[in-house]
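Enquirer: this is a predicted model, with the sequence first.
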Amino acid sequence: MPELPEVEVTRLGIKPYIEGRRIDAILVRNGDLRWPVPVGLHKDLTGTWIKTVTRRGKFILIGLMDAGQNDRGTLMVHLGMTGTLRVLQGDTPAQLHDHIDIRLQDNLLRYRDPRRFGAVLWHGLEDGPIANNRHLRDLGVEPLMSPFIESGGEILYRQTRGRSAPIKQILLAGQIVVGVGNIYASESLFRAGINPKTAAGRIGLERYWRLAGAIQDVLAAAIQKGGSTLRDFVGSDGASGYFQLDYFVYDRAGQPCRVCGTTIRAIRQGQRSSFYCPKCQK
DNA sequence: CACGACTCCTGCTGGC
DNA sequence: TGCCAGCAGGAGTCGT
């Protein structure tokens, strides 16, 4: 389920409870995720300390060090469509789809993923800089950081010249800017007044500035809203911890546009659903 | 290279 | 009420 805001809220929720802790044990109940969980993961992780909890795109990056403060590598966690990461008391019984337990000094970091579209990967020192990881190296810029903050419109404009693919597809691909998933792509395009079918190369600089602002507004609002659910990521074994903005168009096919009253339309683009207002978005 | 179709998996929902 | 086809918020891979 998660798009960037859900991943960021997960990261913020677990970080205070796992950073600085030692990893005492790893239990992999089912390593058959999107890619196989590395078989030797327990050897790489056990006895190391969690130094950093960061994010790149939709990957949560857990940086590890040894007792001498030397970097040891990075644990990469992707939540796919249905993944969750929770901090729990060590004696919390595992439920169906609780695939991985990372046992810390004073608690338990648990990965659950019913659909198993997510991933838990290891990037060791021998693999070089984490930025060169095959899953990270081709990602676009972060939407809520420099340079997108100050140059977002120009970046979108420049990188789409000559591109015939619909702007919705370009956003989802994540090669220009990361973190915009299916929901927030529709929502951002609505707020920018751009039809999702428009060829990306035919959109001008001024409209891309509006889109860049819309992407930042939508993602930032979702993260802020998620802040109220932070406690769900700790000690809570049930509630999803995820959250929804009040959508303008997503999943509102057949309902009136909240701005102009025109009926919202649903279309398929690249096997995914898109929603838009035919009057507000040209 | 750019683009679009297909794929992995389980769980729910909407329509009959 | 019960059944089941179809669809779900990601993203890598492959064929054209």
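Expert: Now that the structure is in, tell me what you want to look at.

Enquirer: which stretches of chain A form strands?
Expert: All strands of chain A, identified by DSSP state E, fall at A:23-28, A:49-56, A:59-65, A:71-78, A:84-88, A:98-104, A:108-112, A:119-124, A:265-269, A:272-276.

Enquirer: would you mind listing what in the stretch 51-200 of chain A touches DNA strand B?
Expert: When proximity is defined as C-beta under 7 Å from any atom of the strand, the stretch 51-200 of chain A approaches DNA strand B at A:96-97, A:114-117, A:163-166, A:169-170, A:200. (Each C-beta comes from the backbone N, C-alpha and C, glycine too.)

Enquirer: neighbouring contacts of stretch A:162-181?
Expert: Stretch A:162-181 is contacted by residues A:2-5, A:7, A:56-58, A:138-143, A:148, A:152, A:155-156, A:159-160, A:182, A:185-186, A:188-189, A:194, A:196-201, A:203, A:211, A:215, A:219, A:269-270, A:272, A:274 when judged by C-beta atoms under 8 Å, 6 or more residues apart in numbering.

Enquirer: quick one: buried residues of it?
Expert: A:163, A:166-172, A:174, A:176-181 (16 or more other C-beta atoms under 10 Å).

Enquirer: mind checking how far that stretch is from the chain centre?
Expert: 15 Å (C-alpha atoms, centre = their mean, to the nearest Å).

Enquirer: go on, stretch A:102-109?
Expert: On C-alpha atoms, centre = their mean, the centre of stretch A:102-109 falls 23 Å from that of its chain.

Enquirer: what about stretch A:118-132, how long is it end to end?
Expert: This stretch, stretch A:118-132, spans 20 Å end to end (C-alpha to C-alpha, to the nearest Å).

Enquirer: which regions of the stretch 51-200 of chain A sit below the pLDDT cut-off?
Expert: For the stretch 51-200 of chain A, no stretch has pLDDT under 70.

Enquirer: just give the nearest non-adjacent residue to A:Thr82, would you?
Expert: A:Arg115 (4.2 Å; C-beta to C-beta, 6 or more residues apart in numbering).

Enquirer: now for the one you found, how many residues are close by?
Expert: 13 (other C-beta atoms under 10 Å).

Enquirer: try A:Gln159
Expert: A:Gln159 has 17 neighbours, counted by other C-beta under 10 Å.

Enquirer: noted, bye for now.
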